[in-house]
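Q: Got a sequence here, can you build the structure:
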Amino acid sequence: MPPTRPDEQPNSYDLEEDDAFRSRRDSRKSPQPWVVRKLAIAIAGAIIAFTAYVYIGRLCIPMIKRRSGSSLGSRTLGIVFLAVFVVLGMMMTWAYIKVVFTPPGYAIEHVQRQTALDGIGEEQAPSENVMSSLQNTPLSRPRLPPAAALPSQISRGSSTRSIYPSSSSLPSHSNPSSLPMRTRQQSRGSSTLHSHSHSTHRPQPRSAPHSAENGVHTGPYTPTFPPQPTEKEREASLPQFHRPARGRHPPSLPSLREEYRYCRRCEIVKPPRTHHCRACGKCVLKYDHHCPWIGQCVGAQNQKFFFVFVVWSVNFCLWTFATLLTLNVRASTRVGTNIDPQHIIVIVISGVFSIFTLAMLTTHIALISTNQTTLEHISTRAMKDRETAVLDEMHSCCALSAKRRTRQAWDVEWGRIGREGNIWWLGDLRAHWVQVFGPRKWTWFLPIGSTKDLGLDYPRNPRFDVDGRWMPRRQWPPELR
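A: Residues are numbered from 1 along each chain as shown. Reported below is the predicted structural model:
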């Protein structure tokens, strides 16, 4: 902030606003405490332990010992259920430990830190609007220009005060609305401070103390405004480039250029597909999402183990839910059999987590098949939503065939969104899975080994240029058209 002149005291409202904004900005920049990030791991461990206690100690053991009143099945059934539950629980726990203790891969460990990017400093770097769309960083508050001297006339002996300068004291092009924002705030702040110091005088409407003989209005100040144009007139007055033709308009941002991949927090040039996680406070390689259940992010080096954990979690939860529910429903029809309330609790917990993990498994199968992360899929989904809105404007809600023909015409010109329009799409399903799990298929669903994907470099879809912009089909390589 520039130094304040003696006659320009800063407004207390501005200082409070700056402090509040600075505290919010600092809180967003600082990562979550370690205890907060790891708290969900303890909760997950407690849920697994309680489920194992109920299933083994209060379901399988009574069936094996043939306890009357608490046994819900035969001894053979109890042994089989116990064996399947232990195998599924051990595999899920193994995968969970593996994903918790395997870091996702941090860019700072592989990329050299640099405070400036090829001569582009903090003031010359791309705008925060661009950077926030790429790395989800909070917008920094722009610096306002130094406040210009605003001559104000405050009548200390009366209740009338004027904060409008005379026409001779302003430049020829000046008007109150064109003054800097901080100047207007300081003027309001100064008037507020003066009104508090002279509380006996209640402020009256603004007036201009000039005589009518001099050609200036003498009554209360009443601003006049030109007639406002209608909505159609405003649209007609816009330049042509503000009204693009209705069609598919992919983002033209050169997202692969180094200046657009520079992280100001970590002070590094992020590798492709890297994103800065606010919770962890680091740039994560091939960032997928931050998962509170594992206490860290899902990235390039632990994505395989996260998927394996989800697979075994689905099997564990579905087995627990299905067997407990079936046995308790059957036992409720028999006389002399008591229903254990803890069975009901585990049925509810396993049912909820079955739905949750099954939905997550389905989502990640689709993401891996198209070589996308969760964050990249959100951008693809947003582009599809914008295109759907354009189609709704072009056609009526019932013209489904017309919308389909229009979308097909756009696909002919550009390719499909999420396929040819995916910068990391390789066009081969097996290549996408090998990139995550490795070439040996028998290890794809086992939490063993280490991933070969370091997360530093990925082959680019040749339908995108070197700067990361989607090209129309006529500019593709000839063999891909």
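Q: What distance do you get for residue 460 to residue 287?
A: 18 Å (Cβ to Cβ, to the nearest Å). Glycine gets a C-beta too; all of them are placed from N, C-alpha and C.
Q: More neighbours: the two, which one.
A: Shown here are residue 460 and residue 287; by other Cβ atoms under 10 Å, residue 287 has more neighbours (29 against 16).
Q: List the residues that contact the more buried one.
A: 104, 273-275, 277, 297-299, 373, 375 (Cβ atoms under 8 Å, 6 or more residues apart in numbering).
Q: Please apply the same query to residue 38.
A: For residue 38, the contacting residues are residue 295, by Cβ under 8 Å, 6+ apart.
Q: so what pLDDT did it get?
A: On pLDDT, residue 38 comes in at 93.
Q: Wait, a helix at it?
A: Yes: according to DSSP: H, G, I helix; E, B strand; the rest coil, residue 38 belongs to a helix.
Q: Low-confidence bits of the stretch 101-250 of the chain, can you list those?
A: Confidence mapping of the stretch 101-250 of the chain against pLDDT under 70 gives the ranges 116-229, 231-245.
Q: ok, 50 please
A: 119, 121-219, 221, 240-243 (pLDDT under 50).
Q: Give me every residue in contact with the helix or strand encompassing residue 431, excluding its own residues.
A: If you go by DSSP states H and E, residue 431 is part of helix 429-437. Here helix 429-437 makes contact (Cβ under 8 Å, 6+ apart) with 303-304, 307, 368-371, 426, 443-444, 451, 453, 458.
Q: In that helix, which residues are buried?
A: 432-437 (16 or more other Cβ atoms under 10 Å).
Q: Over to stretch 285-294?
A: Residues of stretch 285-294 classed as buried: 285-288, 290-294 (neighbour count, 16+ other Cβ under 10 Å).
Q: So for that stretch, mean pLDDT?
A: Per-residue scores along stretch 285-294 average to 96.
Q: Ends of it, what's the gap?
A: Length of stretch 285-294, first residue to last, Cα to Cα, to the nearest Å: 17 Å.
Q: Next, give phi and psi for the closest residue to residue 387 other than its chain neighbours.
A: The shortest distance from residue 387 to any non-neighbouring residue, by Cβ to Cβ, 6 or more residues apart in numbering, is to residue 248 (6.3 Å). Main-chain dihedrals, residue 248, degrees, to the nearest 10: phi -90, psi 120.
Q: ok, now how distant is residue 248 from residue 420?
A: Residue 248 is 12 Å from residue 420, by Cβ to Cβ.
Q: what's the answer for residue 263, then?
A: Counting by Cβ to Cβ, the gap from residue 263 to residue 420 is 29 Å.
Q: Which stretches in this protein count as strands?
A: 153-154, 161-162, 262-263, 268-269, 275-277, 282-284, 289-291, 296-298 (DSSP state E).
Q: Can you add distance to residue 350 and give those strands back as CSV?
A: Putting the strands of the chain into CSV (distance: least, Cβ to Cβ, whole Å) gives the following:
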stretch, distance to residue 350
strand 153-154, 73
strand 161-162, 72
strand 262-263, 41
strand 268-269, 43
strand 275-277, 30
strand 282-284, 31
strand 289-291, 20
strand 296-298, 23
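Q: Select only the buried ones of the contacts of residue 287 in PyMOL?
A: Those of those that count as buried under 16+ other Cβ under 10 Å are selected in PyMOL with:
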select buried, resi 104+273+274+275+277+297+298+299+373
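Q: What is the nearest of the contacts of residue 287 to residue 476?
A: Lowest distance from residue 476 to the contacts of residue 287 (Cβ to Cβ) belongs to residue 273, with 22.1 Å.
Q: Now for the closest residue to that closest one other than its chain neighbours: which residues touch it?
A: Distances taken as Cβ to Cβ, 6+ apart place residue 286 nearest to residue 273, at 4.6 Å, with adjacent residues excluded. Contact analysis of residue 286 by Cβ under 8 Å, 6+ apart lists 104-105, 273-274, 299-300, 303, 373, 453, 455, 458.
Q: give me that answer again for 10 Å
A: 104-105, 107, 271-275, 297-301, 303, 373, 375-376, 424, 435-436, 453-456, 458 (Cβ atoms under 10 Å, 6 or more residues apart in numbering).
Q: Repeat that for residue 375.
A: Contacts of residue 375 by Cβ under 10 Å, 6+ apart are 136, 273, 275, 286-289.
Q: okay, the residues you listed in CSV with distance to residue 32 next?
A: Compiled in CSV, the contacts of residue 375 are given as follows (distance: Cβ to Cβ, whole Å):
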residue, distance to residue 32
136, 15
273, 23
275, 16
286, 21
287, 16
288, 18
289, 15
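Q: Pull the most distant pair out of those residues.
A: Using Cβ to Cβ, the contacts of residue 375 reach their maximum pairwise distance at 136 and 286, which is 15.2 Å.
Q: follow-up on the earlier one: tell me the contacts of the residue nearest to residue 387?
A: 383, 386-387, 390, 406-407, 409-411, 413-415, 417, 421, 470, 472.
Q: Please tell me how far it sits from residue 376.
A: 18 Å.
Q: And residue 83, by the same measure?
A: In terms of Cβ to Cβ, residue 83 sits 41 Å off from residue 376.
Q: So those two - more neighbours on which side?
A: residue 376 (21 against 11).
Q: The more buried one touches residue 424, doesn't it?
A: Yes: Residue 376 lies in contact with residue 424 (Cβ atoms under 10 Å); the separation is 7.4 Å.
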